[in-house]
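Asks: just to be clear, the model below is a prediction. Sequence and coordinates:
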Amino acid sequence: MKKTEAQSKTFETQLAALEKIVRELERGDLPLEQSLKLFEDGVKLSRECQERLNQAERRIEILLRDSEGRPVLSAFDEEEARGFAVTGEDEAGDDENVF
């Protein structure tokens, strides 16, 4: 797949294709050559997905810089993240807007 073709597919599409390849390989009933081809395709998709995730992480790091351009880091609170996903707002009610 050419770079422009890979970029035209969404991350979710590529991830779904990778999951399909994994399921097919896990069945274990494919001929060797077909298994190798699927494995190669899976490695390529995996690398493309990882690169997209790396790019997204870099974009987020840029967005989360302080006024002097230094990255702002904070500990990840899994319980808080789950509460946010369910309720849509910070449980403590002290939502600090960075804008």
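Replies: Here it is on my side, so go on.
Asks: low-confidence regions, the chain specifically.
Replies: 1-7, 81, 84-99 (pLDDT under 70).
Asks: for it, list the residue farthest from the centre, please.
Replies: Going by C-alpha atoms, centre = their mean, the residue of the chain most distant from its centre is Pro31, 31.0 Å out.
Asks: contacting residues for that one?
Replies: By C-beta atoms under 8 Å, 6 or more residues apart in numbering, the contact set of Pro31 is empty. Where C-beta positions appear, they are placed from N, C-alpha and C, glycine not excepted.
Asks: could you say which helix or strand contains Leu73?
Replies: Secondary structure assignment for Leu73, by DSSP states H and E: no helix or strand.
Asks: quick one, phi/psi of it?
Replies: Main-chain dihedrals, Leu73, degrees, to the nearest 10: phi -110, psi 140.
Asks: now do the strands in the chain.
Replies: In the chain, no strands are defined using DSSP state E.
Asks: return the set of buried residues in the longest helix seen in it.
Replies: Taking DSSP state H as the assignment, the helix of the chain that covers the most residues is helix 32-63. Judged by neighbour count (16 or more other C-beta atoms under 10 Å), helix 32-63 contains these buried residues: 38, 42, 45, 48-49, 52.
Asks: any chance of the residues you listed in a markdown table, with distance to Glu79 too?
Replies: Shown next, in a markdown table, are the buried residues of helix 32-63 (distance: C-beta to C-beta, whole Å):
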| residue | distance to Glu79 |
| --- | --- |
| Leu38 | 39 |
| Gly42 | 34 |
| Leu45 | 33 |
| Glu48 | 33 |
| Cys49 | 28 |
| Arg52 | 28 |
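Asks: with adjacent residues omitted, what lies nearest to Leu18?
Replies: Leu45 (4.3 Å; C-beta to C-beta, 6 or more residues apart in numbering).
Asks: quick one on the thing from earlier: just checking, what packs against the longest helix of the chain?
Replies: Using 3 or more C-beta pairs under 8 Å, 6 or more residues apart in numbering; DSSP states H and E, the elements in contact with helix 32-63 are helix 11-27.
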